[in-house]
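[1] for reference, the sequence and a predicted model appear below.
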Amino acid sequence: MVKSRSLHLLFTGWCHCRYSLSVFNVGIGLDLSVGVEGVLPSLARPANASRIFHGIVFDAGSTGTRIHVYTFIQKDPELPLLEKETFQSVKPGLSAYADTPETAGETVRQLLRVAKKAVPHVEWERTPVVLRATAGLRLLPPKKAQALLDEVEVAFEESPFFVPDNSVHIMNGTDEGILAWVTVNFLTGQLQAKTKKTVGTLDLGGASTQITFLPKFKTIESAPPDHIARFDLLSTTYELYTHSCTDTHQTDSSLERKVFESSCLSRKFREDWSFGGLTYKISGIPDGSTGFTECYKEMLKVVKGVIHQPPELQDSNTFYAFSYYFDIAVEAGLIDERRGGMVKVQDYSIRAKEVCNKLSMYLATKPFLCMDITYITCLLKDGFGFKDETILKLTQKVNNVETSWALGAIFDYFQNIKIH
Ligand SMILES: O=c1ccn([C@@H]2O[C@H](COP(=O)(O)OP(=O)(O)O)[C@@H](O)[C@H]2O)c(=O)[nH]1
Ligand SMILES: [Ca+2]
């Protein structure tokens, strides 16, 4: 089976992009701190509730389904602590069961067992459970996606947990970006600092990508009003720039072709790949050129001019990056899988050149690395317009909590942050 994020993109074609911009008002009465030892914002809960309470979030991603079970401690009437997160994931994602939706229900039941272990029996009936689906379901025909969501809802209703209204739905890319930003800025302590010193976030999923940051005044001024997404958290209104792309299924006849040749692959590489009901022959270009320059040109075709470039990114210093930015950096040997680490945009680019110009060395073990790392390089530089020196903090967890939009989603449930 072919395992490559960028190959998927090349087949699905251009991103469907949404740009949004929002403004930030420095917190009035915002009082948050974070992490395993940190303080979470006051969350709405029953008056007679015990000191410990929980929330369950399912992340139905395009490549897998994950459960996050959060345990909060009510320290005082205002400020609960996030005590811990219990996490588990399964592959493939729900969209793989588009023709057998009952299997999606089984996946969810299997993960709900994790929640039953993590949440004490007496707490089950007041512990909310929600599922948010991302690009995998966004790309399915609506009826097929709904059939999957219906099965999830049945599994939730059978469970002993509290199923709120609108518990199961497809999330739009803007919410995905904002909720990931909320998670990271909460976990890194930026939100409670009551300053404008927040960190931007970059997510690269199996079929979508998001960039979210607190823009400077100039960006706010020059952006069209419909590029604005606001949300409220405690007494603060935040306005963030958030831009989301979901790979769209290509509708033109090029999807019909059965052969896909790329200069990002070794000339000797041959593999069959099934996608969208067709089987493709994937290979290098037998008599053509390979290597970084040619590969980069291929990537430019799917990236250049598609993604809005906020000018201030040229001056930005640090972004938190996760999901495939992390995975590919590990595969490329840029960071350690357990510890994560910091890389510059140019580190991806330097490594891409090294890998792509020695494709035969990677043929047996990492045949798609050149393609994937070149795609990331191109996305960062020519897509978003980052400069070479921008630092990406690559991390899967902050203070032992997953870097994902899921924590932001449980905030959204408890706080109703009203993204608009
Ligand atoms: O608990 C997990 C498991 C995986 N991933 C990453 O998510 C990416 C895959 O994206 P996803 O399936 O979420 O696709 P999306 O629907 O977001 O496009 C991969 O890089 C995974 O490493 C993640 O962020 N959290
Ligand atoms: Ca994701």
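    That came through fine. Numbering: from 1, shown residues only. Ligands and ions are numbered 1, 2, ... in the order given.

[2] would you mind listing what in this protein touches ligand 2?
    Counting by Cβ under 5 Å from the ion, the positions of the chain adjacent to ligand 2 are Gly61, Gly205. Where C-beta positions appear, they are placed from N, C-alpha and C, glycine not excepted.

[3] lowest confidence element among the helices and strands of the chain?
    Least confident helix or strand, the chain: strand 15-20 with a mean of 45, by mean pLDDT, DSSP states H and E.

[4] quick one: list the elements packing against the following helix or strand past that strand.
    Beyond strand 15-20 in the direction of the C-terminus, DSSP states H and E gives the next helix or strand as strand 52-60. In terms of contacts (3 or more Cβ pairs under 8 Å, 6 or more residues apart in numbering; DSSP states H and E), strand 52-60 is packed against strand 65-74, helix 101-118, strand 129-133, helix 405-415.

[5] strand 52-60: how far from the chain's middle?
    What separates the centre of strand 52-60 from the centre of its chain is 17 Å, taken as Cα atoms, centre = their mean, to the nearest Å.

[6] quick one: neighbours of Leu149, just the number.
    By other Cβ atoms under 10 Å, the residues close to Leu149 number 21.

[7] does it count as helix, strand or coil?
    Assigned with DSSP: H, G, I helix; E, B strand; the rest coil, Leu149 falls in the helix class.

[8] ok, it - contacts?
    Leu131, Ala133, Leu137, Val168, His169, Ile170 (Cβ atoms under 8 Å, 6 or more residues apart in numbering).

[9] which phi and psi does the fourth one have?
    Recorded main-chain torsions at Val168 are phi -120, psi 110, according to degrees, to the nearest 10.

[10] kindly report the same for the one 4 residues further on.
    When quoted as degrees, to the nearest 10, the phi and psi of Asn172 stand at phi -80, psi 170.

[11] for ligand 1, see how far away it is.
    With distances taken as Cβ to the nearest ligand atom, to the nearest Å, Asn172 is found 12 Å from ligand 1.

[12] tell me if I'm right that that residue and Ser244 touch.
    Yes - between Asn172 and Ser244 there is a contact at 7.5 Å, judged by Cβ atoms under 8 Å.

[13] which one's more surrounded, these two?
    Each of Asn172 and Ser244 has its neighbours counted (other Cβ under 10 Å); Ser244 has more, 26 against 17.

[14] torsion angles phi and psi at the residue in the stretch 51-200 of the chain positioned nearest to ligand 1?
    Distances between the stretch 51-200 of the chain and ligand 1 by Cβ to the nearest ligand atom are smallest at Gly61, namely 2.6 Å. Main-chain dihedrals, Gly61, degrees, to the nearest 10: phi -90, psi 170.

[15] can you dump the C-alpha coordinates of whichever strand or helix holds Thr237 into CSV?
    Taking DSSP H and E as the definition, one finds Thr237 inside strand 236-247. C-alpha atoms of strand 236-247 as CSV (Å, rounded to 0.1, in the frame of the first residue of the first chain):
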residue,chain,number,x,y,z
THR,A,236,-12.2,37.8,25.8
THR,A,237,-13.0,38.1,22.1
TYR,A,238,-10.2,36.7,19.9
GLU,A,239,-9.9,37.4,16.2
LEU,A,240,-7.4,35.1,14.4
TYR,A,241,-6.2,34.7,10.9
THR,A,242,-7.1,31.1,10.0
HIS,A,243,-6.8,29.5,6.7
SER,A,244,-7.9,26.0,5.9
CYS,A,245,-7.5,23.9,2.8
THR,A,246,-9.2,20.6,2.2
ASP,A,247,-7.9,18.6,-0.7
